[in-house]
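Got a predicted structure here, sequence first:
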Amino acid sequence: MRTVPVLLFSFLCLAGGLSPAKAAPTPGPRFIRNDGQWDPEIRFRADVPGGFLLVKKTSLRYVFFDANALNARHRPKQSTPLPTALDAQAIEVILEGANPDPRAEGLQPDGVPRNYFLGERSAHNVPAFSEVWLREVYPGIDLRLYAHQTTLKYEFVVAAGFSPSAIRLRYDGANALSLENGNLHVAHRFGTMKELAPYSFQDTPNARSHEITSRFLLQKSTVRFQIGTDYDPRLPLVIDPVLIFSTFSGSVADNWGHTATYDAAGNLYSGGSSLDVTGFPATAGAFQVRGGGVWDVAILKYSPDGTRLLYATYLGGSETDVPHSLIVNPQGELVIFGTTSSPNFPTSVSGYDRSFNGGLSLTNNNAPISGMEYVRGSDLYVAKLSADGSRLTGSTYLGGAGNDGLNLNQSLSIQNYGDAYRGEVVTDSLGRVYVASVTASANFPLVNAAQTQRRGSYDAVLLRLSSDLARLEWSTLLGGNGYDAAYGLRVGPSGSVYAVGVTSSTDALAPSLGANSGTFKRQSSGTEDGFVVGYTPALGLGNFSYLGSDDADVAALVDLDKNENVYVLGLSSAGRYPVTSGTYANVGSGQFIQALDKTLSRGLFSTVVGSGRGSPDIVPTAFLVSECGNLYLSGWGGRTNATLGLPLPAKSSTSGLPVTPDAFRGTT
């Protein structure tokens, strides 16, 4: 299990406290109906420990993965190359001699609509259920599957006058089958699925349940039920084994969080990547998934108190699709910005660019995180969902012939786990969409650009799309002779655009401004520096400033106050970022905050917060300037970043961070 402590900092005249939201209840498995998003032979799908279950017409298919191998793939770098495929195993439980097309029925819907924007496999408002019935799988016999606490159960319901001897279950693809103390053990390469000896019963005429003697019979790969002489065929019979998924080395985490946001009503949104291998393979037994599988964007919307899931929507094509940033526009639509390697990523009819532009293949150790491979290279995408998540109201590619949207420079001094997916999307009051990112394309589409040529290996890119994503209204590069990337973005009340990021360039990033532009910091001073750039309401280059010490620094996030003063949250490699007098500071800390006026010519204050260890403690994830001028920052750190970040975050830790006396949690 990975340890990922989370830090929430608030300081500078904090006016109130934070109350913890109620935790959402942990539901049991849900059976999601197939409305065209999966192969036609699949009726329902449900997650189980270590894998998932596919309910088919005449069989149940369990698919299991190697948990340790899957977890190992989620790393930015490996000491030795990883296998190019993920090992898996499918076990098919075939109902021999069964009705070839039983009626499938879902009961107890959970009320959460699920939407799948997957090209030809799209489906909308797909329901999920707590239980599923396959009616008349054998004459007079129904099969019931249902959620029981955190796992699944199944039972056969035999009507009066019919024989349970018709039930025959053939297990294909298992490594071994055995009966031990009356329990059925189904071995596979990653563990054992165990079915406890069946509990069978009949309801007597006086409505009292009466247990009936029953046990498994195993002949080669086929299982049957032997029912005792106390069975009365004039009454219905229920045969009820208990499934236990055991001896796994760990649980398979097939959903990885990337980003989150909220809307005006306080609803919460999370964006992550979901492993989609439902279509593999055609036959039972061991198999491999190329490149770790296909990753789709998964969007979840929750009620303000976090107790209700309002919708789940999946978005993607045939290759890896990852969300980087979310924002809700004034119309209540969720805007998603990310990267894709899919040539068939869903786009809208009016989308600015409906064709995938490709790039350098990023596989195995070249992938930003091993297991999330960009086999065809990467493009940016921007997409919009309706407020209820049921409609894709706009979607477009953005990119050139090189890789776009991924921060892939492993020579930077400060590289945190997940930094490859930095970048941000915001909207203005008219719903127009702004993106800050990075590109390696020499032919990235540019419109009214302040810089028209890529000058280094990677340049920062800033752009604006029309509210319907049909027009690219502005797009410019920003970069020098090194590596440059934009991480954070804000649009001010005046229409000015501000972006922050990192640069390793030794020449000027904004030479057109000249030496007398009134910039706060005109020269770079470390191996890498942060930067902040401002563009006018007409989207011309306005002001630029470096941010940094004599060491390596990065500007990660930016926000504005009501006067359009600019606040930047960043990291400093040695904890020597300058601190102005009179500010709260934890001297020697690796997180800095720099405040500037809107012209970027005058510093208002600067400070550092953290443990004082002389290096960054956390990975910044959010930064806010409140209406009353309070500053809030959040981030995470600990073992995951210390072991997976490159190379400086080896010192990353949340121990020793300053906390207030009444902190919700005072220790890590």
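Right, received. Where do you want to start?

okay, CA-based contacts and neighbour counts for the rest of this
Fine.

Next, find the distance separating Leu406 from Arg135.
Leu406 sits 50 Å away from Arg135, going by C-alpha to C-alpha, to the nearest Å.

Looking at the two, which is more packed in?
Shown here are Leu406 and Arg135; by other C-alpha atoms under 10 Å, Leu406 has more neighbours (27 against 19).

Output the longest strand anywhere in the chain as PDB, nothing but the C-alphas.
For the chain, the longest strand by residue count, based on DSSP state E, is strand 191-203. Output in PDB follows, covering the C-alpha atoms of strand 191-203 (Å, rounded to 0.1, in the frame of the first residue of the first chain):
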ATOM      1  CA  GLY A 191      -4.200 -16.400  -6.100                       C
ATOM      2  CA  THR A 192      -7.200 -18.500  -5.300                       C
ATOM      3  CA  MET A 193     -11.000 -18.000  -5.600                       C
ATOM      4  CA  LYS A 194     -12.700 -20.100  -3.000                       C
ATOM      5  CA  GLU A 195     -16.400 -21.100  -3.000                       C
ATOM      6  CA  LEU A 196     -17.500 -22.200   0.400                       C
ATOM      7  CA  ALA A 197     -19.600 -25.400   0.700                       C
ATOM      8  CA  PRO A 198     -23.100 -24.400  -0.400                       C
ATOM      9  CA  TYR A 199     -25.800 -23.500   2.000                       C
ATOM     10  CA  SER A 200     -29.100 -24.700   0.600                       C
ATOM     11  CA  PHE A 201     -32.600 -24.200   2.100                       C
ATOM     12  CA  GLN A 202     -36.300 -24.400   1.400                       C
ATOM     13  CA  ASP A 203     -39.100 -22.300   2.700                       C
END
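
Can you report how many residues neighbour Phe605?
Neighbour count for Phe605, taken as other C-alpha under 10 Å: 17.

For it, name its beta-bridge partners.
Ala595 (DSSP bridges).

Kindly state the pLDDT recorded for it?
Listed pLDDT for Phe605 reads 97.

Test my guess that it contacts Gln594.
Yes. The criterion here is C-alpha atoms under 8 Å, and Phe605 meets it with Gln594 at 6.1 Å.

and the closest residue to Ile618 other than its chain neighbours, how far is that from Gly526?
With sequence-adjacent residues excluded and distances taken as C-alpha to C-alpha, 6 or more residues apart in numbering, Ile618 is closest to Gly637, at 4.5 Å. Using C-alpha to C-alpha, Gly637 is found at 24 Å from Gly526.

more crowded one of the two?
Taking neighbours as other C-alpha under 10 Å, Gly637 and Gly526 compare with Gly637 leading, 25 against 17.

quick revisit: pLDDT averaged over whichever helix or strand comes after the longest strand of the chain - what is it?
Next in sequence after strand 191-203, counting helices and strands by DSSP states H and E, comes strand 209-212. Averaged over strand 209-212, pLDDT sits at 90.

beta partners for the residue most central in space within the chain?
The chain has Gly272 as the residue nearest its centroid, 1.5 Å off, counting by C-alpha atoms, centre = their mean. Beta-bridge partners recorded for Gly272 (DSSP bridges): Gly257, Ala298.

Hmm, it is touching Ser325, no?
No. Gly272 is not in contact with Ser325 according to C-alpha under 8 Å; the separation is 9.9 Å.

Spell out which residues are contacts of both of the two.
His258, Thr259 (C-alpha atoms under 8 Å, 6 or more residues apart in numbering).

on that earlier part again, and the longest strand of the chain, which strands flank it?
With DSSP bridges as the test, strand 191-203 is paired with strand 183-188 (antiparallel), strand 209-212 (antiparallel), strand 237-246 (antiparallel).

buried set for the second one?
Neighbour counts using 16 or more other C-alpha atoms under 10 Å place Ile212 of strand 209-212 among the buried residues.

who's in contact with that strand?
Contacting residues not belonging to strand 209-212 are listed as Tyr199, Ser200, Phe201, Gln202, Asp203, Thr204, Ile227, Gly228, Asp230, Tyr231 [C-alpha under 8 Å, 6+ apart].

Which positions in the following helix or strand past that strand come out as buried?
Sequence-wise, the next helix or strand downstream of strand 209-212 (DSSP H and E) is strand 214-219. Residues of strand 214-219 classed as buried: Ser214, Arg215, Phe216, Leu218 (neighbour count, 16+ other C-alpha under 10 Å).

need the contact list for the last one.
Meaning Leu218. Ser178, Leu179, Arg224.

hmm, try it at 7 Å
By C-alpha atoms under 7 Å, 6 or more residues apart in numbering, Leu218 lies in contact with Arg224.

Give me the distance between it and Gly272.
Between Leu218 and Gly272 the computed distance is 43 Å (C-alpha to C-alpha).

pLDDT weak spots in the protein?
By pLDDT under 70, the weakly predicted segments of the chain are 1-27, 67-86, 150, 207-208, 245-255, 276-293, 370-371, 513-518, 640, 642-651.

Kindly check the end-to-end length of stretch 219-228 for me.
End-to-end distance for stretch 219-228, by C-alpha to C-alpha: 19 Å.

Quick one: residues in contact with it.
So stretch 219-228 is contacted by 165, 167-171, 177, 212-218 (C-alpha under 7 Å, 6+ apart).

Can you give me the domain boundaries for this structure?
Listed by automatic domain parsing, the domain ranges of the chain are 31-246, 255-281+288-622.

ok so, going back, okay, the residue nearest to Ile618 and Arg665: tell me how far apart.
Counting by C-alpha to C-alpha, the gap from Gly637 to Arg665 is 15 Å.

what do you get for Ser163?
The value you get for Ser163 to Arg665, if C-alpha to C-alpha is used, is 60 Å.

Between the two, tell me which one has more neighbours.
The residue with more neighbours, out of Ser163 and Arg665, is Ser163; 16 against 11, by other C-alpha under 10 Å.

For the more buried one, which non-adjacent residue is closest in space?
Once flanking residues are discounted, Ser163 sits nearest to Pro233: 7.4 Å by C-alpha to C-alpha, 6+ apart.

pretty sure that neighbour is in a strand, no?
No. Pro233 sits outside any strand when classified using DSSP: H, G, I helix; E, B strand; the rest coil, being coil.

what about Asn641, which SS state?
Looking at Asn641 with three-state DSSP, the answer is helix.

circling back: got JSON lines for the strands paired with strand 191-203, with distance to Asp553 too?
Conversion of those to JSON lines gives the following (distance: least, C-alpha to C-alpha, whole Å):
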{"stretch": "strand 183-188", "distance to Asp553": "49"}
{"stretch": "strand 209-212", "distance to Asp553": "71"}
{"stretch": "strand 237-246", "distance to Asp553": "47"}
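
and Asp388, what element?
Per DSSP H and E, there is no helix or strand for Asp388.

okay, now the residue nearest to it when sequence neighbours are not counted: neighbour count?
With C-alpha to C-alpha, 6+ apart as the criterion, Asp388 has its nearest non-adjacent residue at 7.1 Å, and that residue is Tyr311. Other residues near Tyr311 come to 22 when the count uses other C-alpha under 10 Å.

likewise Leu107?
By other C-alpha under 10 Å, 13 other residues sit near Leu107.

hang on, Tyr434 packs against Val461?
No. Shown here, Tyr434 and Val461 do not form a contact pair, counting by C-alpha atoms under 7 Å, at 10.6 Å.

more neighbours, those two?
Remark: of Tyr434 and Val461, Val461 carries more neighbours, 29 against 25, as counted by other C-alpha under 10 Å.

Distance check, the nearest residue in space to that one that is not next to it in sequence against Pro109.
What sits nearest to Val461 in space, not counting adjacent residues and going by C-alpha to C-alpha, 6+ apart, is Leu477, at 4.6 Å. Distance of Leu477 to Pro109, given as C-alpha to C-alpha: 49 Å.

And for Val625?
Val625 is 42 Å from Pro109, by C-alpha to C-alpha.

in the stretch 401-550 of the chain, which spans are helices?
Counting by DSSP state H, counting those that start in this stretch, no segments of the stretch 401-550 of the chain form helices.

Equivalent analysis for the stretch 201-350 of the chain, please.
Counting by DSSP H, counting those that start in this stretch, the stretch 201-350 of the chain contains no helices.
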